[in-house]
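Colleague: could you look at this predicted model? Sequence included:
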Amino acid sequence: MIIGANLPNIPWEDRPEGCNDIVWRYSGNPIIKRNQIPGANSIFNSAVVAKDGAFVGIFRSDDTAMEQHLFLGKSKDAINWEIEHSPLPLYDKDDNCIGVACGYDPRVCFIEDRYYVTWCTQYHGATIGVAYSYDFKKFYRLENAFLPFNRNGVMFPEKIGGRFLMFSRPSDNGHTPFGDMYISQSPDMEFWGYHRFVMNAQGWAWTKIGAGPIPIKTDEGWLLIFHGVGTTCNGMIYSMGAAILDIDEPWKVKYRCKPYIFHPTELYECVGDVPNVTFPCATLTDAATGRIAIYYGAADTVVGLAFTQVDELIKFIKDNKC
């Protein structure tokens with residue numbers, strides 16, 4: 001059971017007849033095309049949240065110079081999106097515009113009274129950028145969370161033990177050939193410490209893993225959907241995995257699903273700028289029905305949408321644990 005808000009207008013499509021997959025695709029995929037804004041080479045690995053009866057998103061777009069920026073998008077149904085054509089401006093605490101959001105793979109997390117955006121930025125190498133907004137009109141830049149090199153900064157939607165918590169994956173400055181997941185904690189979103197190991201790369205994800213969407217609070221613990229990477233003779237394959245973490249000490253893994261829950265099989269997931277990628281960055285959830293909508297980047301080129309039911313997914317994880 002999901003512990004959280006009801007979302008009666010969550011995007012949804014029932015499991016297709018004859019489909020036995022624990023996670024299934026939206027029939028209208030991809031929902032975001034690669035060139036949906038002028039000058040875009042690709043739009044993918046993006047985050048969405050519900051707000052005021054509608055939906056807001058922060059979208060990654062690589063332009064035709066292959067420069068990476070974040071863009072604000074809005075939608076009434078979380079499927080059809082209007083994305084602004086200019087990158088997201090950032091402000092300092094004195095309301096001075098300090099430039100635009102450069103980087104990739106954003107996540108959005110509402111905590112207490114504001115929306116936090118985390119993304120992979122550059123500071124002498126890859127690290128985790130942080131900003132916040134009360135209304136999606138102005139975004140205030142905070143200090144980077146960690147030293148380089150680091151990726152996949154994903155926050156928890158509430159404080160635990162009086163601290164903010166964030167996943168990350170320490171990495172290197174290249175296309176990381178390794179990677180395990182950690183949790184770091186902060187009293188103020190400025191100073192981060194109390195680092196705890198969470199999970200290592202193993203099984204089908206033997207090369208590296210990283211947190212995906214914001215973890216979902218359930219009566220079994222924190223439901224984590226993550227991406228995992230295996231390297232084959234034909235390159236890397238990015239699939240989705242799932243685990244249940246302890247509710248009070250989420251660096252403790254209660255159950256980790258041995259098989260992947262989602263894998264690139266469709267043409268738009270296997271053919272693109274980076275073939276064979278399904279990279280989850282966001283979920284929408286409805287506590288009343290247990291429905292979960294998963295947004296993912298496909299082949300580092302477009303955005304796809306998939307669905308699952310929380311009770312079925314938790315049972316699948318427990319029945320197929322490592």
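Modeller: Looks like it came in fine.

Colleague: who's in contact with the closest residue to R141 other than its chain neighbours?
Modeller: Excluding the flanking residues, the one nearest R141 by CB to CB, 6 or more residues apart in numbering is L90, at 4.5 Å. Yep, even glycine has a C-beta here, placed from its N, CA and C like the rest. Shown here is L90, whose contacts under the criterion CB atoms under 8 Å, 6 or more residues apart in numbering are 97-101, 131, 139-141.

Colleague: one more: G221?
Modeller: When contacts are counted by CB under 8 Å, 6+ apart, G221 is found next to 244-247, 250, 254.

Colleague: by contact count, what packs against the helix ranked longest in the chain?
Modeller: Among the segments of the chain that qualify as a helix by DSSP state H, the longest is helix 310-319. Counting by 3 or more CB pairs under 8 Å, 6 or more residues apart in numbering; DSSP states H and E, the packing neighbours recorded for helix 310-319 are strand 216-218, strand 221-232, strand 235-245, strand 253-256, strand 291-298.

Colleague: and that helix, how far from the chain's centre?
Modeller: Distance, stretch centre to chain centre, for helix 310-319: 20 Å (CA atoms, centre = their mean, to the nearest Å).

Colleague: buried sites along that helix?
Modeller: Using 16 or more other CB atoms under 10 Å as the test for burial, helix 310-319 gives 310, 313-314, 316-317.

Colleague: again with stretch 60-74
Modeller: For stretch 60-74, burial by neighbour count (16+ other CB under 10 Å) applies to 60-62, 68-73.

Colleague: any chance of CSV for the buried residues of helix 310-319, columns distance to N276?
Modeller: Output for the buried residues of helix 310-319, formatted as CSV (distance: CB to CB, whole Å):
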residue, distance to N276
V310, 27
L313, 23
I314, 27
F316, 23
I317, 24
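
Colleague: just those residues now: which is nearest F149?
Modeller: If you rank those by distance to F149 using CB to CB, I317 comes first, at 30.4 Å.

Colleague: please report the distance of the closest one from F226.
Modeller: 12 Å (CB to CB, to the nearest Å).

Colleague: so V274 sits right up against G297, yeah?
Modeller: No - in this structure, V274 is not within contact of G297 by CB atoms under 8 Å, at 9.1 Å.

Colleague: between the two, who's got more neighbours?
Modeller: G297 (29 against 17; other CB atoms under 10 Å).
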